[in-house]
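Asker: fold the following, please.
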Amino acid sequence: MCAHAEPDTAEPRVSPELVIITGMSGAGRSEAMHTFEDMGYFCIDNLPPAFIPQLTELAQLPGSRVHRLAVVCDVRAAEFFDALAGELDALHDRAIEHRLLFLEADDTTLVNRFKETRRLHPLCAEGGGLAEAIAAERIALGPIRERADVVIDTTGVRPAELRRRIREEFVTEPLAHTLSVTVQSFGFKYGAPTDADIVMDVRFLSNPFYNPELRHLTGLDEPVRQFVFGRSETGEFLQAWFGLLDSVMPGYLAEGKSHLGVALGCTGGQHRSVALAEATAAHLRKLGFRVTVAHRDVSREAGLR
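Answerer: Numbers count the residues shown, from 1 in each chain. Here you go, the predicted model:
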């Protein structure tokens, strides 16, 4: 009998998207790492460069859900830092896509930041003052800076501006996709949600509850939707409401916000708020945002309203 080779059913190894963050101490590496976390990256702080190959290997294992990695390599790992250049060469040889982000700031800014936080510069332990430590670090990092794909000078840059610049450099998907929105309906009789960023009270609209044929339905049912959206007051409200969202959403993006909670409430959370939450979610999706919808109180027993 002839032996037949078994078909290769193994999943193809996919190289992760890798960002290496480095630069001057006090220039914003921690803020950068938090920004990448908000963008969905798996992040590791203060990683010795020698561990980068093992990390990328783990990310390529079958079933791995880690597709985007961001690691911070800094001068705190002094005995490992000289190896970073070699690891960058190895990544290139293995055809692993990677980008090097280098953060810097002028000496005055770095001195002031260390004074404000009362942190000890990692090179101060080797003797000398803060100014000497900053100068030594700048010299040590010179060759790595020359290899950087992106250099950001954070002198005079606020955290929100740094987050915006990182997103502009590293986000390949539409910017709106970086903000996840949860739209929630609720009933005021059961308490307003405490985790919402925007709360809209829609109790001023006509209530389907007082129509016996609609009382036991919800805002997900077409008869209730026709009742709610068939009134001119609702049309006027939606025009103003959507206009408000259109004006504030770019601001949340500019601030680097990763999640936004929008809540619409009526009396019991079963009719008006449910229908309007669905309409709000549809509008935000048209703007390109990733939206999930939750109806907190829709399953509660209808009754004492």
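
Asker: which residues does residue 52 contact?
Answerer: Residues counted as contacts of residue 52 (C-beta atoms under 8 Å, 6 or more residues apart in numbering) are 18, 20, 71, 87, 91. From N, CA and C alone the C-beta is placed, and that goes for glycine too.

Asker: and the residues you listed as CSV, adding neighbour count, distance to residue 33 and secondary structure?
Answerer: Shown next, in CSV, are the contacts of residue 52 (neighbours: other C-beta atoms under 10 Å; distance: C-beta to C-beta, whole Å; DSSP: H, G, I helix; E, B strand; the rest coil):
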residue, neighbour count, distance to residue 33, secondary structure
18, 20, 14, strand
20, 24, 11, strand
71, 25, 9, strand
87, 19, 18, helix
91, 19, 19, helix
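
Asker: could I get those as TSV with distance to residue 236?
Answerer: Formatted as TSV, those follow (distance: C-beta to C-beta, whole Å):
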residue	distance to residue 236
18	51
20	53
71	52
87	61
91	57
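
Asker: which member of those is positioned nearest residue 64?
Answerer: Nearest to residue 64 among the contacts of residue 52: residue 18, at 13.4 Å, using C-beta to C-beta.

Asker: quick check: that closest one vs residue 180, distance?
Answerer: 23 Å (C-beta to C-beta, to the nearest Å).

Asker: over to residue 283?
Answerer: Residue 283 is 16 Å from residue 180, by C-beta to C-beta.

Asker: with residue 188 instead?
Answerer: 25 Å.

Asker: how about residue 139?
Answerer: The spacing between residue 139 and residue 180, counted by C-beta to C-beta, is 42 Å.

Asker: and those two? which has more neighbours close in?
Answerer: A direct count of neighbours by other C-beta atoms under 10 Å for residue 139 and residue 180 places residue 180 higher, at 16 against 9.

Asker: next up, the contacts around that one.
Answerer: 258, 259, 260, 289, 290, 291, 292.

Asker: now the phi/psi pair for it, please.
Answerer: phi -90, psi 130 (degrees, to the nearest 10).
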